[in-house]
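Asks: Here's a sequence, model it:
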Amino acid sequence: MARRSVLPVFTPMPLVAVREPFNDPDWLYEVKWDGFRALAYVDGHHCKLASRRGHVYKAWPYLETEVSHSIQCDRAVLDGEIGCLAPDCG
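Replies: Take a look at the predicted model:
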């Protein structure tokens, strides 16, 4: 059986605050929700969610399962934000 290589560990690029919005065709913007920045390390049907400082999130095992089964490849590292848009999210 071939041994799998270890997924690389990434440090997300820090967020940068600017005084005013600007328009530039070389930039892509995303809305900043009030959530948790996370890296999702997917390996097979396993997913680990980590903060930008490398702390492993343990509060969302269902989300880890859903992410690992939704990705259409064997291995991936995703950078995103975990947020709840429903009005009853605490």
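Asks: how about H55, what does it touch?
Replies: By CB atoms under 8 Å, 6 or more residues apart in numbering, the contact set of H55 is empty. Every residue, glycine included, has its C-beta placed from N, CA and C.
Asks: part of a strand, is Y62?
Replies: No - counting by DSSP: H, G, I helix; E, B strand; the rest coil, Y62 falls outside a strand, being helix.
Asks: The chain: strands as residue ranges?
Replies: Under the criterion DSSP state E, strands of the chain are mapped to 36-43, 46-50, 75-82.
Asks: by contact count, what packs against the first one?
Replies: Using 3 or more CB pairs under 8 Å, 6 or more residues apart in numbering; DSSP states H and E as the contact criterion, the elements in contact with strand 36-43 are strand 46-50, helix 61-70, strand 75-82.
Asks: what does it contact?
Replies: With contacts defined as CB under 8 Å, 6+ apart, strand 36-43 is touched by 4, 7, 10, 12, 15, 47-52, 57, 64, 67-68, 71, 73-83.
Asks: Out of the strands of the chain, the one nearest Y29 is which?
Replies: Ranking those by proximity to Y29 (CB to CB) places strand 75-82 first, at 13.4 Å.
Asks: tell me what that closest one is packed against?
Replies: Looks like strand 75-82 contacts strand 36-43 (3+ CB pairs under 8 Å, 6+ apart).
Asks: mean confidence for the strand it packs on?
Replies: The average pLDDT within strand 36-43 is 92.
Asks: Next, format the strands of the chain as CSV and append mean neighbour count and distance to N23.
Replies: What follows is those, written out as CSV (neighbours: other CB atoms under 10 Å; distance: least, CB to CB, whole Å):
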stretch, mean neighbour count, distance to N23
strand 36-43, 19, 25
strand 46-50, 18, 33
strand 75-82, 14, 23
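Asks: Tell me which of the ones you listed sits nearest to P25.
Replies: Once the strands of the chain are compared by CB to CB, strand 75-82 is nearest, at 22.2 Å.
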